[in-house]
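Colleague: Take a look and give me a structure for this.
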Amino acid sequence: MEQKILLLGNPALYQVSTAVTEKDFSTLPKIVEDLHDTLMAFRKKYGAGRAIAAPQIGVPKRVLYMYIDQPVVFINPNLDFPDTEQMEVLDDCMSFPNLLVKVQRHKRCIIHYTNMDGQPCSMELEGDLAELLQHEYDHLDGILAVMRSIDSHSFYLKETLQQS
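Modeller: From the prediction side, this is the model:
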């Protein structure tokens, strides 16, 4: 069921999420369904959205949901960075849908996670997908893109960029 996305300023967005435990696995299908439905509704409304973190719908658990070509659920993810190469990107977020923030992200990352079957997995990501997963992972630690801005002049309203 589609859930309300918590918006910038909501104190729940700044909390560190707790790990999913074995006893939590029975609640995961409902959480994943809510993440899916919320992501699809956001896509329909804004024409954007590739992933969402459970804290964005008020669930303080370490769960990420990505849907590009197919759904991927990341349970208790951890990130590794194979090198120090960075990239500058304009980051957007469902929790502030009309704002873009210029941030630095690692160009490459490896995400280690548990899947819905309880199996350990990992995925190597580069470029926009590496940025996406770093952004979503930050949500699990109560970090928003606005907190990672390059400087105080790194904020843009989407509508003003589209006019330029």
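
Colleague: okay, now Ile57: neighbour count?
Modeller: By the measure other CB atoms under 10 Å, the count of residues near Ile57 is 21. Yep, even glycine has a C-beta here, placed from its N, CA and C like the rest.

Colleague: Spell out which residues sit in contact with it, please.
Modeller: Residues near Ile57 by CB atoms under 8 Å, 6 or more residues apart in numbering: 3-6, 34-35, 38.

Colleague: Any chance of CSV for those residues, columns pLDDT?
Modeller: Listed next are the contacts of Ile57 as CSV, based on pLDDT from 0 to 100:
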residue, pLDDT
Gln3, 98
Lys4, 98
Ile5, 98
Leu6, 98
Asp34, 98
Leu35, 98
Thr38, 98
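
Colleague: Now do the contacts for the residue nearest to the spatial centre of the chain.
Modeller: By CA atoms, centre = their mean, the chain has its centre lying nearest to Glu136, at 2.0 Å. If you count contacts by CB under 8 Å, 6+ apart, Glu136 has them with 51-53, 64, 66, 74.

Colleague: Repeat the analysis, applying 6 Å as the threshold.
Modeller: Residues near Glu136 by CB atoms under 6 Å, 6 or more residues apart in numbering: 51, 53, 64.

Colleague: Of those, which is the most crowded?
Modeller: Neighbour counts for these (other CB under 10 Å) peak at Ala53, which has 28 neighbours.

Colleague: Kindly state the beta-bridge partners for that residue.
Modeller: Beta bridges link Ala53 to Leu64, judged by DSSP bridges.

Colleague: I'd guessed it sits against His139; true?
Modeller: Yes. The pair Ala53 / His139 is scored as a contact, 3.5 Å apart, by CB atoms under 6 Å.

Colleague: Okay, and the closest residue to Tyr137 other than its chain neighbours sits in which element?
Modeller: Nearest residue to Tyr137, sequence neighbours excluded (CB to CB, 6 or more residues apart in numbering): Leu79, at 5.5 Å. Counting by DSSP states H and E, the element that carries Leu79 is strand 71-80.
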